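Asks: pasting the structure only:
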């Protein structure tokens with residue numbers, strides 16, 4: 001199986017509305033300096049798991065998204081931009097041959113405060129349907 005996380009990171013990073021707010025789009029965990037004071041905007045995506053289809057070479061992958069902002073309203077605005085960038089988008093093939101049939105903003109989980117830094121963030125879940133094998137771009 002292939003991991004579509006890098007393709008999704010690139011798509012969000014390349015979205016003009018998201019890029020107008022931040023270019024700090026991370027996979028797995030914040031980069032050094034992201035969780036700084038004063039607070040900076042940044043986004044962290046993590047794989048929550050996947051399920052393979054039993055009859056076709058596709059998988060449903062769930063990605064956790066956490067959008068950090070300078071305030072709760074700012075984090076919500078950043079989450080809204082990320083949601084617009086990926087919701088009901090597809091099909092598309094990434095530069096590395098990762099085929100994403102469709103992606104959705106599956107669940108907004110609301111605003112919270114990071115327990116370590118006190119920084120506000122808005123969380124959600126992205127659900128996407130992707131091929132389990134790399135495909136050739138046509």
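Replies: Structure received. Since the structure is predicted, the reported quantities are computational estimates derived from the model, not experimental observations.
Asks: which stretches of the protein have low pLDDT?
Replies: Applying pLDDT under 70 to the chain picks out residues 137-138.
Asks: need the strands for the protein, in chain order.
Replies: 25-27, 42-52, 58-68, 92-93, 99-113, 120-131 (DSSP state E).
Asks: excluding its backbone neighbours, what's nearest residue 78?
Replies: Excluding the flanking residues, the one nearest residue 78 by CB to CB, 6 or more residues apart in numbering is residue 67, at 4.2 Å. For the C-beta atoms, the positions are set from N, CA and C on the backbone; glycine is no exception.
Asks: contacting residues around that neighbour?
Replies: 41, 43, 75-76, 78-79, 82, 121-124 (CB atoms under 8 Å, 6 or more residues apart in numbering).
Asks: Let's see that with 6 Å instead.
Replies: Residue 67 sits next to 43, 75, 78-79, 82, 122 when contact means CB atoms under 6 Å, 6 or more residues apart in numbering.
Asks: Other residues contacting stretch 126-138?
Replies: So stretch 126-138 is contacted by 1-2, 4, 57-63, 65, 86, 93, 97, 99-104, 106 (CB under 6 Å, 6+ apart).
Asks: of the residues you listed, buried ones?
Replies: Buried members of those, scored by 16 or more other CB atoms under 10 Å, are 2, 4, 58-59, 61-63, 65, 86, 93, 99-100, 103-104.
Asks: Pick the one among those residues closest to residue 49.
Replies: Of all the buried ones among the contacts of stretch 126-138, residue 49 sits closest to residue 62, with 5.7 Å by CB to CB.
Asks: so what's that closest one bridging to?
Replies: Residue 62 has these beta-bridge partners by DSSP bridges: residue 49, residue 127.
Asks: I'd like a version of the buried ones among the contacts of stretch 126-138 in CSV, one that adds distance to residue 130 as further columns.
Replies: Output for these, formatted as CSV (distance: CB to CB, whole Å):
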residue, distance to residue 130
2, 7
4, 4
58, 7
59, 6
61, 6
62, 11
63, 11
65, 16
86, 12
93, 10
99, 6
100, 5
103, 9
104, 12
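Asks: Specify the helix with the largest residue count in the protein.
Replies: Using DSSP state H, we find that the single longest helix of the chain is helix 72-86.
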